[in-house]
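# sharing a model that was predicted from the sequence below.
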Amino acid sequence: MSDLFDVTDATWPAAAVHKAGAFRIREGRGGGQRVSAATARHSWTKADIDRAETVQQQLCQPALFMIRPGDEALDAELSKRGYAVKDPVNLYVTSIPTLLNDVAPPLSAFVLWPPLAIMRDIWAEGGIGPDRIAVMERAAQPKTAILGRINDRVSGVAFVAVHDSVAMLHALHVVPEQRRHGAAVRIVRRAAEWAHGHGAKSFAVLVTCANLPANALYASLGMEVVGQYHYRTK
């Protein structure tokens with residue numbers, strides 16, 4: 001599980017990382033929760049939590065902690081301090097060959113980096129604005145964006161990057177009028193093809209438990225939930 005969290009940090013990186021006692025504080029600069037959360041690096045104390053809260057306040061970020069497997073004691077302590085559970089997340093993984101048992105039809109999805117203006121516009125329509133695009137730009141190579149196409153129209157976009165032989169998909173957004181036509185499946189399969197060509201052995205994605213359509217999509221592709229995490233916020 002720790003390897004997947006390393007992959008997440010590498011493929012969707014924070015702008016900077018600060019230390020506060022036993023905690024790593026990610027500086028997100030508007031890039032979302034994953035790049036703005038604090039995580040415990042080792043055994044922590046209550047004073048360490050205080051330090052983490054202070055650093056997050058100095059960064060003008062909300063007090064936000066990522067609770068991973070093994071963080072049960074931290075979860076309980078934050079609950080006592082009035083922190084609420086937010087956005088439980090499923091971690092899906094499968095082998096690349098599982099996604100390559102069928103391939104995306106020709107001209108149904110394209111590999112493009114840097115992303116075109118139309119791709120940025122589609123992301124913006126899905127709430128993925130310049131601050132999240134900046135996260136993609138920070139990620140190390142190999143990485144790429146995927147542009148989907150159905151019926152001679154743009155169908156959606158996604159971002160994928162590889163770290164330590166694991167490809168992780170982020171920021172998949174399908175144009176509303178193109179949904180339920182297989183656009184997401186084609187984008188994922190094209191991303192897997194690209195990842196295979198860049199040495200990836202496994203393919204991973206993070207999905208909030210509340211996003212039922214996305215969970216159904218990845219389960220239908222043979223991906224399995226290998227773990228969960230959630231956030232605690234005041």
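Here it is on my side, so go on.
# tell me which residue is most central in this protein.
The centroid of the chain falls nearest to residue 170 when counting by CA atoms, centre = their mean (4.7 Å).
# next up, phi/psi of it, please.
Residue 170 adopts backbone torsions of phi -140, psi 160, taken as degrees, to the nearest 10.
# residue 59 now?
As for residue 59, its main-chain torsions (degrees, to the nearest 10) stand at phi -80, psi 0.
# got it, and the one 4 residues further on?
Dihedral angles phi and psi of residue 63 (degrees, to the nearest 10) take the values phi -70, psi 110.
# need the contact list for residue 61.
27, 28, 36 (CB atoms under 8 Å, 6 or more residues apart in numbering). For glycine as for every other residue, the C-beta is placed from the backbone atoms N, C-alpha and C.
# about what we covered before: what's the distance between the residue nearest to the centre of the chain and residue 58?
Distance check for residue 170 against residue 58: by CB to CB, to the nearest Å, it reads 27 Å.
# again with residue 142
In this view, residue 142 and residue 58 are 35 Å apart by CB to CB.
# elements contacting the strand or helix carrying residue 19?
Taking DSSP states H and E as the definition, residue 19 sits inside strand 16-20. Here strand 16-20 touches strand 23-27, helix 46-58, going by 3 or more CB pairs under 8 Å, 6 or more residues apart in numbering; DSSP states H and E.
# repeat that for 10 Å
strand 23-27, strand 38-40, helix 46-58 (3 or more CB pairs under 10 Å, 6 or more residues apart in numbering; DSSP states H and E).
# taking strand 23-27 as reference, get the angle to that strand.
Between strand 16-20 and strand 23-27, the angle comes out at 150 degrees (axes from the mean of the first three to the mean of the last three CA atoms, to 10 degrees).
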